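This is the structure alone, sequence omitted:
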Ligand SMILES: NC(=O)C[C@H](N)C(=O)O
């Protein structure tokens, strides 16, 4: 286990949709606010006591599954047939490369989704068990945990597993709520909702003290969905995602090396061009050109360096003195996201993995994207989700939604530096979110740059 050097961070969402000031009564706002604040605080407390990101995120979502305000667990919406079919998922990653594979709970499978679930009180706990029980240990030796290596499993088969694994079951009446039933009936009659809360999926993203990130998401789906419909919530890359990647780069200057601080893509603190990865690629290309000259194929001999992601370049040859050798920095980034909204649109756009890919493949370049920018590009106003609705935007609910996430970063010297192996330098996570519709219920906690704790609960862009 790496040392506990990260400041925990977390964000919850309680759904996004056509929520407007004029139709949101103060009493309903107060109820959501109180629930979200209390779950935020108890989850934060767990993280501070040393819980893993996975356990903390599952804790938060379990609380929301019991709270009928939210569209998950008790309080789930109904299908056209008047049944409840729930979906949930979890995924983990870590800022530490060795942590994810070897030691982080869930590191083997990384992500798991369950769908078409009935009567399981906490579908999120079923998703957690599905993640942790793999049938094998990290070395591939079979064990008897009763699990398998599948990433997605469906009811009623997954309910059998839930029984075997000792999860709690509840009768239909537990899940039935008047509010959702009325919504179901109004929907069948073709009446419009004043507040389209049926999109109230819940999600939680946590960063723990060890640099572990986890996302947990749970939903009843969309009001009056067709029985058997599978949404984005249990589908990897559509409604949830977590991944980590190295953006290695070399820093070489005449005088030695330059250090680029961890900046989460904040343009106002952008490093100078001489310290960017693009500069490093140029440096390597120049080296290759001078060493191999005409032996290089013409596209490499004459071409400018690529602006896209490249594999880690080989360190320079031994003909260079120690002073002139560049420092090799590894900036490892870990991200996790949870989406909420029209799941069919999230599926069609592979929404959260698209955001992750934007970030991953824009680095290292002279202008790597931050997670905030990628989330906005997908779920912000005018973003990929909204565009995917075409002329149906605003009419069918298509494209509507929001995404929450956390980006964490650690920077290490891995060669040619007196601090090589000194461990990660940056130990904060950055909470991000955006949405393209009236509102998104969300609550978050993080540390600002001065170490001050920020605690917020909001639904609109501005305070209620
Ligand atoms: N409430 C939601 O966010 C709905 C969910 N994304 C779905 O389409 O199943």
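Nice, I can see it. Bear in mind that the values here come from a model prediction, so they are computed numbers and not experimental data. Residues are numbered from 1 along each chain as shown.

what sits against the residue of the chain at minimum distance from the ligand?
Closest contact between the chain and the ligand, by C-beta to the nearest ligand atom, is at residue 343 (2.2 Å). All C-beta spots, glycine's among them, are computed from the backbone N, C-alpha and C. Contact analysis of residue 343 by C-beta atoms under 8 Å, 6 or more residues apart in numbering lists 201, 219, 221-222, 231-233, 238-239.

show me which of those neighbour the ligand.
Here is what survives when these are matched to the ligand using C-beta under 6 Å from any ligand atom: 201, 219, 221-222, 231-233, 239.

Same list (the residues you listed) but as JSON lines, adding neighbour count.
Putting these into JSON lines (neighbours: other C-beta atoms under 10 Å) gives the following:
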{"residue": "201", "neighbour count": "34"}
{"residue": "219", "neighbour count": "33"}
{"residue": "221", "neighbour count": "29"}
{"residue": "222", "neighbour count": "22"}
{"residue": "231", "neighbour count": "23"}
{"residue": "232", "neighbour count": "32"}
{"residue": "233", "neighbour count": "31"}
{"residue": "239", "neighbour count": "30"}
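
Specify which member of these is nearest to residue 452.
Nearest to residue 452 among those: residue 201, at 30.6 Å, using C-beta to C-beta.

how close does that closest one sit to residue 219?
Distance, residue 201 to residue 219, by C-beta to C-beta, to the nearest Å: 4 Å.

what's the overlap in contacts for the two?
Contacts common to residue 201 and residue 219, judged by C-beta under 8 Å, 6+ apart, are 71-72, 233, 340, 343.

which ones among those are found in strands?
residue 340 (DSSP state E).

As JSON lines, the shared contacts of residue 201 and residue 219 with pLDDT would be great.
Formatted as JSON lines, these follow (pLDDT from 0 to 100):
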{"residue": "71", "pLDDT": "96"}
{"residue": "72", "pLDDT": "98"}
{"residue": "233", "pLDDT": "98"}
{"residue": "340", "pLDDT": "97"}
{"residue": "343", "pLDDT": "96"}
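
what's the most distant pair in the shared contacts of residue 201 and residue 219?
72 and 343 (12.9 Å).

Residues in contact with both of those two, list them for me.
What both residue 72 and residue 343 touch, as defined by C-beta under 8 Å, 6+ apart, is the set 201, 219.

so what's the closest residue to residue 137 other than its chain neighbours up against?
Leaving aside its sequence neighbours, residue 137 sits nearest to residue 143 (C-beta to C-beta, 6 or more residues apart in numbering; 5.4 Å). For residue 143, the contact set (C-beta under 8 Å, 6+ apart) comprises 135-137.

One more pass at 10 Å, please.
For residue 143, the contact set (C-beta atoms under 10 Å, 6 or more residues apart in numbering) comprises 133-137.

want to try a markdown table for the residues you listed, with pLDDT and neighbour count as columns?
Shown next, in a markdown table, are the contacts of residue 143 (pLDDT from 0 to 100; neighbours: other C-beta atoms under 10 Å):
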| residue | pLDDT | neighbour count |
| --- | --- | --- |
| 133 | 97 | 21 |
| 134 | 95 | 20 |
| 135 | 95 | 15 |
| 136 | 92 | 16 |
| 137 | 89 | 11 |
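
ok, and which of these reach the ligand?
Within the contacts of residue 143, nothing lies near the ligand by C-beta under 6 Å from any ligand atom.

between the ones next to the ligand among the contacts of residue 343, which is closest to residue 118?
residue 221 (12.4 Å).

Might one say that the closest one is in contact with residue 233?
Yes: Residue 221 lies in contact with residue 233 (C-beta atoms under 10 Å); the separation is 7.5 Å.

Up against the ligand, what does the stretch 1-150 of the chain have?
Counting by C-beta under 6 Å from any ligand atom, the stretch 1-150 of the chain comes close to the ligand at 15, 71.

Strands of the stretch 1-150 of the chain, start to end?
9-17, 86-94, 111-117 (DSSP state E, counting those that start in this stretch).

Now render those strands as a markdown table, adding mean pLDDT.
Shown next, in a markdown table, are these (pLDDT from 0 to 100):
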| stretch | mean pLDDT |
| --- | --- |
| strand 9-17 | 95 |
| strand 86-94 | 97 |
| strand 111-117 | 98 |
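
most tightly surrounded among the ones you listed?
Stretch with highest mean neighbour count among the strands of the stretch 1-150 of the chain: strand 86-94 (a mean of 31; mean count of other C-beta atoms under 10 Å).

who does that one pair up with?
Here strand 86-94 is paired, per DSSP bridges, with strand 111-117 (antiparallel), strand 212-219 (antiparallel).

Reformat the ones you listed as TSV; add distance to residue 34.
As requested, the strands paired with strand 86-94 are arranged in TSV below (distance: least, C-beta to C-beta, whole Å):
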stretch	distance to residue 34
strand 111-117	28
strand 212-219	20
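
just checking, residue 13 touches residue 403?
Yes: in this structure residue 13 lies within contact range of residue 403 using C-beta under 10 Å: 8.5 Å.

Pull up the overlap in contacts between those two.
By C-beta under 10 Å, 6+ apart, the residues touching both residue 13 and residue 403 are 203, 205, 338-340, 433, 435, 440.

Which ones among the contacts of residue 143 lie within helices?
Cross-referencing the contacts of residue 143 against helices under DSSP state H gives no overlap.

For the contacts of residue 343, which two are the farthest from each other?
222 and 238 (13.8 Å).

list residues touching both of the two?
What both residue 222 and residue 238 touch, as defined by C-beta under 10 Å, 6+ apart, is the set 231, 343-344.

Quick check: helices, which of those residues are part of them?
Short answer: the shared contacts of residue 222 and residue 238 in helices (DSSP H) are 343-344.

quick check, nearest of the shared contacts of residue 222 and residue 238 to residue 54?
Using C-beta to C-beta, those come closest to residue 54 at residue 231, 22.0 Å.

For the closest one, grab phi and psi.
Backbone torsions of residue 231, given as degrees, to the nearest 10, read phi -100, psi -160.

which residues sit in contact with it?
85, 87, 113, 115, 201, 219-222, 225, 238-239, 342-344, 346-347.

how about a cut-off of 7 Å?
Residue 231 makes contacts with 87, 219, 221, 239, 343, as judged by C-beta atoms under 7 Å, 6 or more residues apart in numbering.
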